[in-house]
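*Asks:* structure for the following, please:
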Amino acid sequence: MRGDFEGSWRAATVYRSQWRSIGVPFESSALWFTKQIKTSDPSLSYFGGLAFQHDQSGDAELTGDYFQLHFGGFKEINGHKFGIGFTPSMVLKTFNKNGLTFPSQYDPSSGTFNEDLDNGETALGNQLSYFDLGLGLFWSNQIKENIELTGGLSFNHLLEPKESFFPENTKRDRSYETQWSAEISSRSNWVFTPYFSYYYSQGSSEGLIGSAVTLPFEYWNVVKDLSPFVYFRTAPARNTDALVVGSTVGLKDFQFGLSYDFNISDLELASNYRGGIEITLVYTAPYPKMKKVRIPCVRY
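*Replies:* Here you go, the predicted model:
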């Protein structure tokens, strides 16, 4: 879905920090750029770009750096817009052994773990890298004059790469995700956007369901809209663990977003309902406009 936008190109950045209230926070940041490529056929277009994501989590300072390309295209057929995209990437992961303790470092004489004792993990490395590949499918259609429906399906880790700090051939299983949303325009120019996503990997699942509403909000010719939203993070056969509230603000060609996850699972006994904050900034460059129109002389 990175290529589904109206404009010449788009750049975006995001930062997220979670679980600061119960220990070392999980932090993620990302930056990506996408360029639209038009063709002489108005029903056919392409896109391409690159992205970088950095994750860090836990006391072991487990970090992941993802260097990614993304490219694909769209084709409109009888009012339906179909798309396909590919995401080849290089993944680098490391962690810090210092400050960690292992079972063999338990000292019975003191009843504690002693970092000076041999940890016994001679085969344990602290870095790994591998090539990864993902595939995404896209569809949208204006099913009614005031309703547009959009859906997507992605397949991650298609090649099931090896991912382990040990020599064993431990592979990363494929994961799957689907996203669906609708844009429902009202007579008052409000736009309701119900949203649902579901992610599945190795027996684990996560879902997000809720809605946003976009309000026209012209102010000083700078602010063009305001879109507050509410989502629940939940899924079948798992607990509902978060209430997500926030809003985006349209500022000319920029879109600024801010959201917060309130923890509402049993973990709230430790988190005190605090979860994670997320900040996004998106810039979409409009198509260049002709500055001057010249009417040709009939004599020539």
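
*Asks:* go through the helix-or-strand element of the chain with minimal mean pLDDT and flag the buried ones.
*Replies:* Here the helix or strand of the chain ranked lowest by mean pLDDT, DSSP states H and E is helix 268-271, holding a mean of 72. If you call a residue buried by 16 or more other C-beta atoms under 10 Å, then helix 268-271 has these buried ones: Ser271. For glycine as for every other residue, the C-beta is placed from the backbone atoms N, C-alpha and C.

*Asks:* show me what the helix or strand following it is in contact with.
*Replies:* Under the assignment DSSP states H and E, the closest C-terminal helix or strand after helix 268-271 is strand 274-285. With contact meaning C-beta atoms under 8 Å, 6 or more residues apart in numbering, strand 274-285 is reached by 5-21, 26, 242, 246, 248, 253-263.

*Asks:* hmm, which of the residues you listed are the buried ones?
*Replies:* Among the contacts of strand 274-285, those buried by neighbour count (16+ other C-beta under 10 Å) are 9-10, 12, 14, 16, 18-19, 26, 242, 246, 248, 255, 257, 259, 261, 263.

*Asks:* from the residues you listed, pick the one nearest Ser140.
*Replies:* Checking these against Ser140 with C-beta to C-beta, the nearest one is Arg10 at 17.1 Å.

*Asks:* strand partners of the helix or strand hosting Leu133, parallel vs antiparallel please.
*Replies:* Assessed by DSSP H and E, Leu133 sits inside strand 127-144. With DSSP bridges as the test, strand 127-144 is paired with strand 80-94 (antiparallel), strand 147-156 (antiparallel).

*Asks:* now do the strands in the stretch 101-250 of the chain.
*Replies:* Taking DSSP state E, counting those that start in this stretch as the test, the strands found in the stretch 101-250 of the chain are 106-107, 112-113, 127-144, 147-156, 175-185, 191-201, 204-219, 223-233, 242-251.

*Asks:* relative to Phe165, which of those is closest?
*Replies:* Of all these, strand 127-144 comes closest under C-beta to C-beta, at 6.1 Å.

*Asks:* the closest one to strand 175-185, inter-axis angle?
*Replies:* Angle, strand 127-144 to strand 175-185, by axes from the mean of the first three to the mean of the last three C-alpha atoms, to 10 degrees: 30 degrees.

*Asks:* against Tyr231, how distant is Gly207?
*Replies:* Here Gly207 is placed at a distance of 10 Å from Tyr231 (C-beta to C-beta, to the nearest Å).

*Asks:* looking at the two, which one has more neighbours?
*Replies:* Counted by other C-beta atoms under 10 Å, Gly207 and Tyr231 do not tie: Tyr231 has more neighbours, with 21 against 18.

*Asks:* many thanks, we can stop here.
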